[in-house]
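Undergrad: quick one, fold the following:
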Amino acid sequence: MKSAAASTRPFDGSQALQLARDTLGIEAQALLALSDRLSPVFAQVVERVLDIRGRVVVMGMGKSGHVGRKIAATLASTGTPSFFVHPGEASHGDLGMVTENDLVLALSNSGESDEIAALLPALRRQGVPVVGMTGNPRSTLARHADWVLDTYVEREACPLNLAPTASTTAQLALGDALAVALLDARGFKTEDFARSHPGGALGRKLLTHVGDVMRSGADVPRA
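TA: Residues are numbered from 1 along each chain as shown. Next comes the predicted model:
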């Protein structure tokens, strides 16, 4: 049964394929442009994160929040203690999770997220450094952040230029770049990675030794 919002026109496979190619092309161009715009501010953020005694606290609303959760997970698994705090919940007590030894990484494409804007004065009073990841360098977030990581995209991949697509791809990629730069600066090694990935295929690959699975002594078949 089709939803009320479904189109009545017949499905066009070639159109779907072309839109997929367009989406990938737009997002690829957005990442190349992002790479060209990287400035020394990025290195300053990496250096500051290395200096903090606490953790990187990632915040974001909506799609930026989903991306923020992934960034926090990637940082944590590659040697940078990090966790995600929902900005709405932070205004109702969860801000107590953030200490003066931490650093906040706030994601907002517009830089005008009400939930994040409401937290900025409190973070300032607490002496918590803030990194703003935004596509609007003149936004509220950019003005109040100590460092700004520019994630501006010329347009979204969405044909309506509305749904967060290229902008969230830019956020995600820049988060990965941050994690990789920190990983390298910390001298993070394979054995360090293994300690935070004990389960699943990665854990088996990195932690399982021959002695863990081989048969020995009386268990060895004899003819």
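
Undergrad: correct me if wrong: D94 contacts V85.
TA: Yes: using CB atoms under 8 Å, D94 is in contact with V85, at 5.5 Å. In short, each C-beta sits where N, CA and C put it, glycine included.

Undergrad: between the two, who's got more neighbours?
TA: V85 (22 against 15; other CB atoms under 10 Å).

Undergrad: can you pull the contacts of that one?
TA: Going by CB atoms under 8 Å, 6 or more residues apart in numbering, V85 touches V57, V58, M59, D94, L95, M97, V98.

Undergrad: phi, psi for it please.
TA: phi -120, psi 130 (degrees, to the nearest 10).

Undergrad: and it, how far from A117?
TA: 15 Å (CB to CB, to the nearest Å).

Undergrad: for G54, same thing?
TA: Distance, G54 to A117, using CB to CB: 23 Å.

Undergrad: among the two, which residue is more densely surrounded?
TA: The neighbour comparison of G54 against A117 (other CB under 10 Å) goes to A117, with 17 against 14.

Undergrad: which residues touch the more buried one?
TA: T140, L141, H144.

Undergrad: tally of neighbours for the closest residue to the last one other than its chain neighbours?
TA: Looking back up the chat, that one is H144. If the residues on either side of it in the chain are set aside, H144 comes closest to L120, at 4.3 Å by CB to CB, 6 or more residues apart in numbering. By the criterion of other CB under 10 Å, L120 has 19 neighbours.

Undergrad: same question, A194
TA: Each residue near A194 was counted by other CB under 10 Å, and the total is 15.

Undergrad: which element is it on?
TA: A194 belongs to helix 190-195 when elements are defined using DSSP states H and E.

Undergrad: just R143 next, same as before
TA: Counting by DSSP H and E, R143 is found in helix 140-144.

Undergrad: show me what that helix is packed against.
TA: Using 3 or more CB pairs under 8 Å, 6 or more residues apart in numbering; DSSP states H and E, the elements in contact with helix 140-144 are helix 114-117, helix 120-126, strand 130-134.

Undergrad: next secondary structure after it?
TA: Downstream of helix 140-144 (by DSSP H and E), the next one is strand 147-150.

Undergrad: just say which of the helices and strands packed on helix 140-144 is most tucked in.
TA: Per-stretch averages of neighbours, counted by mean count of other CB atoms under 10 Å, single out strand 130-134 among the helices and strands packed on helix 140-144, with a mean of 26.

Undergrad: now the most centrally placed residue in the chain: closest residue in space, sequence neighbours ignored.
TA: Residue closest to the average C-alpha location in the chain (CA atoms, centre = their mean): I71, at 2.5 Å. Nearest non-adjacent residue to I71, counting by CB to CB, 6+ apart: G175, 3.4 Å away.

Undergrad: sec struct for that neighbour, please.
TA: What DSSP: H, G, I helix; E, B strand; the rest coil gives for G175 is helix.

Undergrad: for it, the count of nearby residues, please.
TA: 24.

Undergrad: what separation do you get for it and G96?
TA: Counting by CB to CB - G175 and G96 are separated by 25 Å.

Undergrad: repeat for R48
TA: For R48, the distance to G96 - CB to CB - is 23 Å.

Undergrad: pick out whichever of those two has more residues nearby.
TA: Remark: of R48 and G96, R48 carries more neighbours, 14 against 8, as counted by other CB under 10 Å.

Undergrad: can you tell me the element the more buried one falls in?
TA: helix 40-51.

Undergrad: which elements pack onto the next helix or strand after that helix?
TA: For helix 40-51, the following helix or strand on the C-terminal side (DSSP H and E) is strand 56-60. Other elements packing on strand 56-60 under the criterion 3+ CB pairs under 8 Å, 6+ apart are helix 62-77, strand 82-84, helix 87-90, strand 103-107.
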